[in-house]
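Student: missing the sequence, but the structure's below:
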């Protein structure tokens, strides 16, 4: 340290000889006085000292505040918030307890993709010390510390879709599995807390945690998860005096639970052998939250080029690391390699093909969604009902049916003007030379230039041809996926082939169980632009890079345009378009249909998105976003009422576009519920 | 440090009135010329100061005390962060290298070792945690517990004990009439493996065993933690939480999803009694029991591997209930010594703890069972002749030490009267029984209560007794296991009324008596039969070689307001008879005496007895206590202490072998260091069924008459 400070002087010493001499004399004179001087000489700040002082000061203040915070009564933050924003509304649990609601039906939570925690049970050398620590969920500390090791352990075997040898990563069990995704980022915690207010506790709540990376049937093969869920539901019904359970799946959990309902009634070798009335005996209601019944377009771009905005939430959590431009290509591919080993991502590829998602020239949504309206819509919702109509006039139709287009012009051109070269004709024969560099398994290096060109030459892909595209660019992945999932529409549901488990999670290829007393709810947020179609471009094919990218330069003309950054948006909850979340309950299952032979009543409950009014509200109590909706008070209230015994009729039946004030502005403003009725004659033959 | 700070002179020298920069220049020049300075190396500092004579008063800020403090804290923080950074950047195996460098190569943990032998996960495993080791969390609370929803009240950091002790006590207490939740409070057991893997951060309970089982392939789906609310009586866990039903359902699920392989159950401490209760419950018919049918256990259970099981209770429980004084029945005290043992607060906090622990019915499950038959009377006890001195000699060569110990014991003239579990005064504890004058307390009128009615909010019942009652208790002088139950009934009638509805402490004369179908007998091995499961195995694994509380010398304490009138007489010491600080010790694992842990497997259930009609095989595995060699070992891998034994490598190896399919014979049968078989011999307990006895008599008579 002394060294440091002396430096300063030496730099400028040479020029000061003159003064030096004077000082020298002085110094000699004062030789004997120096010890005394020293005592009252105050010292000077060096940079180092200042640093120390500063950090010490900050630390002290911090500790002091921490102490204050800890000694503070727990209710102060609430007082402060109330002082600023006015009295808060009671959380729904408290409110409903005052109404006299008490615990009635046991509740089962089925978490979605990525929200469930995963922990390490056996790993390679590099993961030492992480036994039973969370690899997924929690703080994601290991992602930063040893990213490659982390990616290696999170990946599955790319042939079997099960554990790679020597690695066992297992889902966390219990309510802690998905109450918080990361510290402070709630998923189920708010709902759990509100249910607890009316008397729920661990014996009446069950988190059906599963390994969301696996295909649904493989969770049973590897972990016997479906058997566990069955056994636990039976236990809950038995220990609660025969009261049936209310199941609350979220996101991909919706598909998982569809699969479960088929599995549990199927005969033993493939199914759970619960008999044909298991669901009728054990389930009161299935309250699907934000369910991608018919898949999400986002998953296509995720599989195609790892680019959807949040299929890999990992990216948002580690933006510094993963989105960094320097590492861009490499990390993308690691990420892609990892997510491509997860069979479950393929469960969300859009189902139903052109019949549901629209063809080259039409789409069910048409131009009904006003993409610019989002900014206008706020707490003052009542009069916004008019706005979409106004904008409707000066908007041109968006071809949502073209889920992937190469080039903006193609996306907007009339179908007759597009020249397409058939994908299947182009040959696979010639391989690219760069096999050596790419140990990363993304299959693109198997494709070769010709095929990349062929993909681009086909120009535009609808939901039906998307599947061909994926089969074309990643045959291995889709071979695995095709064994576990199916994306079509059944012509004849009595065909014995539909007894295979790969159809169980597709609502268009299965019948609902025979349980006329059961109820199915579809609850989802609306009012947020949701990815629906993409404009792509071919990138210069460097070694080991992904040859396709979303063309972020493609922008719509006006403010209101639905094309932004190469993405066409439709109405939805930011992840799942309304079409996917609502169609089955609105039409496919409404009444007695061939998909719903016993006529299970279905209800749609929409929650209009209102962003939090200020920062104090955190993620808001009126949010309609895919995950944040779990903290939406209106939704929680509905869930609690059903759990406490209410039926869908008592809730008020269908409830579209509930304004945050609680005043429903049904129909009128939105032609939305009608499009499926008109267009889907093909589906409900 | 001071030299550092001194460095920068604040005063400017008179001849260079310019700016700061110049000053720096100045003293460097000085440096160049100032050869006359004596300290060649440090010359800079003094020279710099010397030149400033007649300077102006300081303009720049001085180092105040505050600044120094801040500076100091800053230094510490920076160093801390640096170390933290280094620690995080360090490879995870580094600590192990260091340890190995110091102590020599470590033995492989048993899981790794057995994996190399080729063992694999076979039977699913069920853990049954004991008292106090399971976590409890808040689901509904009063105003004062705001913000603690689903936070651990018990286990974890115990932060709330310090922050709001009274609120905590209030929430941890149960209703003192029903033994269930008080109004408006719901505290529930944590579920899953996390319930009892660590008790507090770094203090493992099941974690080591779980980690080792995971090595040979166990995971969540093959391990199940049967967590229950350990404060409740066993049957009440079913009434309130349906815990027994959950355990039943989960065991059935484990068996079904693992190809029909039966489970290996591993109860620890009070979990042993809980699982005894479960085995009776599950086969009992539906309204009171689980309705699993008479062969449920034989169909679902391969082995019950009891670890440190207090089958016949622990004397420590008495001291805990009588005066809240046993060394660790209230672990809370150990965890919060600064707060709870503080002399100023002592009486108050003791009573809060007592009040809290007295609402826990489960503590009464561990009152010694079997009365004088098992625990000894006024003049005899099964352990008599035990010598405390031998503990020191015991190391790895136990067999020899054992011999020596027994010889020592024979030589001793005096021997402790362990049968007198509570004596008032050391002389009474040692006197011959004929010399003790006892006045029966049972008839004594409790008399009008003392004036201190102010303490009534503290529910210890002592204030109901009055002086006469207290005196009567002391005048009975000495209590054996039989009379202890009466004593507790006398001093705490309400609590014992609750307790006797759920537990029983006797020995059954006739197990066919229909009264034994009541659940209160189910956790007492002397009043129930084992299930009809001849293929099942029962192990008793426990540590030996640690002095364990067995009997107490009490005194009357000065009767201050609201204090507990009885106290252990810590002045009573006697080297010869294992009396130390008022406590007589015997061999055991520091909590459970060998007698309680081993007797049932050594004798009560050995072979076909009336308690074990189907002849379930029993094995005793004792583990000799060896303290950790150095601090690096933590709590040791050879420990025999009640909880630390869960990290004992030899025990873990045995458990893993059993889980992987080995039978008791393959393990090597009994492994005994203590004199449990000798002691068991001294206990005169009828083991043959009465009807068989009668038949034998008749046969004898007939044969004689012939």
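Tutor: It's in. Bear in mind that the values here come from a model prediction, so they are computed numbers and not experimental data.
Student: In the longest helix seen in chain A, which residues are buried?
Tutor: Identified as the longest helix of chain A according to DSSP state H is helix A:47-71. Buried residues in helix A:47-71, counted by 16 or more other C-beta atoms under 10 Å in any protein chain shown: A:48-49, A:52-53, A:55-57, A:59-60. All C-beta spots, glycine's among them, are computed from the backbone N, C-alpha and C.
Student: out of the residues you listed, which one sits closest to residue B:653?
Tutor: residue A:59 (47.7 Å; C-beta to C-beta).
Student: before we move on, what SS does residue B:290 have?
Tutor: coil (DSSP: H, G, I helix; E, B strand; the rest coil).
Student: Same list, the buried residues of helix A:47-71, but as CSV with distance to chain B and pLDDT please.
Tutor: What follows is the buried residues of helix A:47-71, written out as CSV (distance: C-beta to the nearest C-beta, whole Å; pLDDT from 0 to 100):
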residue, distance to chain B, pLDDT
A:48, 8, 76
A:49, 6, 77
A:52, 4, 78
A:53, 5, 79
A:55, 4, 80
A:56, 3, 81
A:57, 4, 81
A:59, 5, 81
A:60, 6, 83
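Student: got a markdown table for those, with distance to residue A:504 too?
Tutor: Below are these laid out as a markdown table (distance: C-beta to C-beta, whole Å):
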| residue | distance to residue A:504 |
| --- | --- |
| A:48 | 67 |
| A:49 | 70 |
| A:52 | 64 |
| A:53 | 66 |
| A:55 | 59 |
| A:56 | 62 |
| A:57 | 62 |
| A:59 | 57 |
| A:60 | 61 |
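Student: OK, contacts around the nearest residue to residue B:518 once chain neighbours are set aside?
Tutor: Nearest residue to residue B:518, sequence neighbours excluded (C-beta to C-beta, 6 or more residues apart in numbering or on different chains): residue B:288, at 7.7 Å. By C-beta atoms under 8 Å, 6 or more residues apart in numbering or on different chains, residue B:288 lies in contact with B:281, B:517-519.
Student: What subset of those residues is buried?
Tutor: When the contacts of residue B:288 are checked for burial by 16+ other C-beta under 10 Å, the buried set is B:281, B:519.
Student: Name the nearest of the contacts of residue B:288 relative to residue A:209.
Tutor: Distance to residue A:209 across the contacts of residue B:288 (C-beta to C-beta) is lowest for residue B:281, with 28.7 Å.
Student: pLDDT score assigned to the closest one?
Tutor: The model reports residue B:281 with a pLDDT of 94.
Student: Return the distance of the residue nearest to residue B:518 relative to chain A.
Tutor: 16 Å (C-beta to the nearest C-beta, to the nearest Å).
Student: Tell me how far stretch B:206-220 lies from the chain's centre.
Tutor: 22 Å (C-alpha atoms, centre = their mean, to the nearest Å).
Student: ugh, wrong one, stretch A:119-128
Tutor: 26 Å.
Student: How about residues contacting that stretch?
Tutor: Against stretch A:119-128 from outside (C-beta under 8 Å, 6+ apart): A:130-135, A:142, A:146, A:149, A:152-153, A:166-172, B:91-93, B:214-215, B:217, B:219-220.
Student: Where helices are concerned, which of these count?
Tutor: Residues from these lying in helices, with DSSP H as the criterion: A:142, A:149, A:152-153, B:214-215.
Student: centre of the chain versus the helix or strand harbouring residue A:533, how much separation?
Tutor: Using DSSP states H and E, residue A:533 falls within strand A:528-538. Here strand A:528-538 is found 16 Å from its chain centre; the criterion is C-alpha atoms, centre = their mean.
Student: Packing partners of that strand?
Tutor: When contacts are defined as 3 or more C-beta pairs under 8 Å, 6 or more residues apart in numbering or on different chains; DSSP states H and E, strand A:528-538 packs onto helix A:297-305, strand A:404-406, helix A:408-412, helix A:449-457, strand A:548-550, strand A:567-572.
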